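# Coordinates for the following, if possible.
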Amino acid sequence: MVLVSQSELVQKAIALKVVSFPTDTVPALGVAPEKADLIFELKQRSLEKPLILMTGDITDIWEYVEGSHQELKMWQEMAHKYLPGALTMVLPASSKIPVTMNPLNPTSIGVRVPNHTIAREILRQTGPLATTSANLSGEDALTDMGAIALKFPTVAVLNHENKITEAIPSTVIKWQNDNWQILRQGKIII
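Okay, the predicted model is just below:
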């Protein structure tokens, strides 16, 4: 079991290791985007389920997506309405997104800024991370940091008492045909 301080967790993430930290929904597993394959292996996750790019600030999102000036304006309006928060926006990916984050559809990426002070502090120090819930694929998301450390002994897990005990994921919306489509209803009602 590897419970670490916030500074140790940041160092591990910068060293391209998988880490876990609390968010405003369920705790995340995170890794540098270019090492996204490590999470797929760790979780035994299907390549059909892409990872989410989590950032510390809304402004960090825009270099990882690409669209027209008008689309960007609409995406920013949605982001400023709900982020930071439990909303994942699936948008056209820029060339900065490694294929390993969404192997079957690398032209698309889910982006999110959590409404959790510690998570955003971590992400501001590490840069954006490829993230997903902390669980094996097909199992319920873990909400206890100690349980995450036991389940994933090779992961650096933040030594933190997670106050969120409900495993309610983020709402996922996708930009398609100049409109938002709800892919998963989660914590935020749109």
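# Tell me how far stretch 124-135 lies from the chain's centre.
5 Å (CA atoms, centre = their mean, to the nearest Å).
# Looking at the protein, which helix is longest?
Counting by DSSP state H, the longest helix found in the chain is helix 69-82.
# Can you tell me what sits against it?
Helix 69-82 has contacts (CB atoms under 8 Å, 6 or more residues apart in numbering) with 58, 61-62, 65, 67, 87, 89, 91, 113, 173, 175, 178, 180, 188, 190. Every residue, glycine included, has its C-beta placed from N, CA and C.
# Quick check, central residue of this protein?
T131 (3.5 Å; CA atoms, centre = their mean).
# helix, strand or coil for it?
Here T131 is recorded as strand under DSSP: H, G, I helix; E, B strand; the rest coil.
# Am I right that it is in contact with P33?
No: taking CB atoms under 8 Å as the definition, T131 is not a contact partner of P33, at 9.7 Å.
# hey, what's in contact with both of those two?
L53.
# OK, contacts around I118?
I118 touches 6, 21-22, 158, 160, counting by CB under 8 Å, 6+ apart.
# any idea which element it lies in?
helix 117-126 (DSSP states H and E).
# Buried ones in that helix, by neighbour count?
118-120, 122-123, 126 (16 or more other CB atoms under 10 Å).
# now swap in stretch 123-142 and tell me
For stretch 123-142, using 16+ other CB under 10 Å, the buried residues are 123, 126, 128-135, 141-142.
# mean confidence for it?
On average, the pLDDT along stretch 123-142 is 96.
# ok so, going back, if any of the contacts of I118 are buried, give me the PyMOL selection for them.
In PyMOL, a selection of the buried entries from the contacts of I118 looks like this (16+ other CB under 10 Å):
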select buried, resi 21+22+158+160
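# Which members of the contacts of I118 are the farthest-apart pair?
Within those, Q6 and P22 form the most distant pair, 11.0 Å apart (CB to CB).
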